[in-house]
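S.K.: Could you look at this predicted model? Sequence included:
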Amino acid sequence: QLQLVESGGGLVQPGGSLRLSCAAAGFTMRLYTMGWFRQAPGKEREGVSCASRGGGNTSYADSVKGRFTISRDNVKNTVYLQMNSLKPEDTAIYYCAARVGSKPPGCIDTDFPSWGQGTQVTVSS
């Protein structure tokens with residue numbers, strides 16, 4: 001059974017950093033495109049960043065480019081999201097998601113059938 005478990009969320013001051021982790025179990029992660037998504041209160045879920053199966057191709061939402069970095073370790077079956085220079089508008093529940101293969105390209109939430117439970121990130125002074 002495919003499982004995704006996020007960790008690393010918390011409360012951080014503006015300008016601070018957090019590193020989210022997503023531990024994958026029950027499937028061969030190297031065969032899956034992995035993504036991070038977020039949902040803030042009252043807002044729709046949005047794609048934050050996605051990484052191809054080998055990690056060589058990545059995509060980012062414009063709002064996080066230059067601040068966030070996605071990476072993956074297919075041996076440890078873990079995907080990470082390094083978040084720097086955090087802003088209050090980054091406050092949301094962050095979800096890890098997986099979809100088999102590489103098609104279609106992109107980071108659209110409806111293309112991902114498998115989801116973790118999410119981890120809360122709060123950026124506030």
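M.R.: Here it is on my side, so go on.

S.K.: List the residues that contact the nearest residue to residue 90 once chain neighbours are set aside.
M.R.: Of all residues not flanking residue 90 in the chain, residue 123 sits nearest, at 5.1 Å (C-beta to C-beta, 6 or more residues apart in numbering). Quick note: C-beta positions are derived from backbone N, CA and C, even for glycine. Going by C-beta atoms under 8 Å, 6 or more residues apart in numbering, residue 123 touches 12-14, 16, 86-91.

S.K.: Repeat the analysis, applying 10 Å as the threshold.
M.R.: Taking C-beta atoms under 10 Å, 6 or more residues apart in numbering as the criterion, residue 123 is in contact with 10-16, 18, 83, 86-92.

S.K.: next one: residue 2
M.R.: Counting by C-beta under 10 Å, 6+ apart, residue 2 touches 24-27, 29, 32, 98, 100, 113-115.

S.K.: which among those residues end up buried?
M.R.: The neighbour count (16 or more other C-beta atoms under 10 Å) marks 24, 27, 29, 32, 98, 114-115 as buried among those.

S.K.: Looking at those, which is nearest residue 105?
M.R.: Using C-beta to C-beta, residue 32 comes nearest to residue 105 of the buried ones among the contacts of residue 2, at 14.0 Å.
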